[in-house]
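>>> here is the input, now give the coordinates:
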Amino acid sequence: MLFEAIETGPLGANCYIVWDEAAKEGMVVDPGDEPGRIIEFIRGKGLAINYIICTHAHFDHVGAAPEVKKETGGKIAIHEAELEIYSGARDQAAFWGYELEPLPPPDILLKDGDELATGAMSFRVIHTPGHSPGGICLFGEGIVLTGDTLFAGSIGRSDFYGGNHGLILKSLEKLAGLPGGTRVLPGHGPSSSIKEEVETNPFYEDLH
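Next up, the predicted model:
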């Protein structure tokens with residue numbers, strides 16, 4: 001398993017390309033902006049993209065999905081509880097002063113516990129609401145892609161529409177159950193580990 005993080009857009013959202021080197025197959029997670037950079041990397045590695053997975057549907061995590069889908073044929077996957085946010089992403093972007101291309105309908109509606117396989121890799125969907133109703137994390141291959149649920153030293157905001165602080169704390173509890181050595185790849189900022197976050201992230205203190 002290999003991955004590349006590409007920081008995109010004015011809000012600095014991390015887009016991840018995760019792939020199986022032997023099979024040359026992979027997935028794109030949270031293509032928020034700058035589709036040209038994402039597509040250039042995919043072409044440079046000669047990758048077939050099976051999935052375009054959005055950990056949640058805020059505009060800075062889905063903005064490049066239409067172009068990436070058009071160029072790669074990957075299937076767009078979101079959690080079933082995120083449909084309303086996904087449908088309103090263009091309006092949300094406009095409120096913040098950004099223009100978003102119309103989003104194609106998602107190809108796959110995910111549920112907690114679903115498994116997504118690409119090449120020899122497999123990732124489990126963990127429903128982690130709180131930042132948004134259908135927020136998810138993807139766990140497998142020694143990593144967890146946490147979207148805007150868990151950051152290095154912080155967590156995502158819960159004061160947006162559909163957010164809930166109590167739920168995001170419960171989602172943090174779920175993630176605390178993963179192996180400590182699991183590498184955390186968040187939606188913004190640097191990577192970390194589950195062990196480091198459980199031991200040092202101030203929001204985990206709220207759980208004790």
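>>> stretch 6-24: end-to-end distance?
19 Å (CA to CA, to the nearest Å).
>>> that stretch - what's its average pLDDT?
Averaging pLDDT along stretch 6-24 yields 97.
>>> give me the contact list for that stretch.
The contact list for stretch 6-24 (CB atoms under 8 Å, 6 or more residues apart in numbering) reads 1-5, 25-34, 37-38, 41-42, 45-48, 60-61, 63-64, 98, 118-121, 141, 143, 145, 185-189. Heads up, the C-betas are built off the backbone N, CA and C, glycines and all.
>>> for that stretch, buried residues please.
Within stretch 6-24, the residues that qualify as buried are 6, 8-9, 11, 13-20, counting by 16 or more other CB atoms under 10 Å.
>>> center of the protein - which residue?
Thr55 (3.2 Å; CA atoms, centre = their mean).
>>> that one reaches Ile136, doesn't it?
Yes: using CB atoms under 8 Å as the test, Thr55 is close enough to Ile136 to be in contact (5.4 Å).
>>> what sits in contact with each of the two?
Taking CB under 8 Å, 6+ apart as the contact rule, Thr55 and Ile136 both touch Gly147.
>>> now for the helix or strand of the chain with the lowest mean pLDDT, which elements pack on it?
Least confident helix or strand, the chain: helix 89-95 with a mean of 88, by mean pLDDT, DSSP states H and E. Applying 3 or more CB pairs under 8 Å, 6 or more residues apart in numbering; DSSP states H and E, we find helix 89-95 packed against helix 59-62.
>>> the helix it packs on packs against which elements?
Using 3+ CB pairs under 8 Å, 6+ apart: helix 59-62 touches helix 89-95.
>>> residues making contact with the helix it packs on?
57-59, 62-63, 85, 99-100, 102-103.
>>> identify, from these, the entry nearest to Ser158.
Nearest to Ser158 among the contacts of helix 89-95: His58, at 12.6 Å, using CB to CB.
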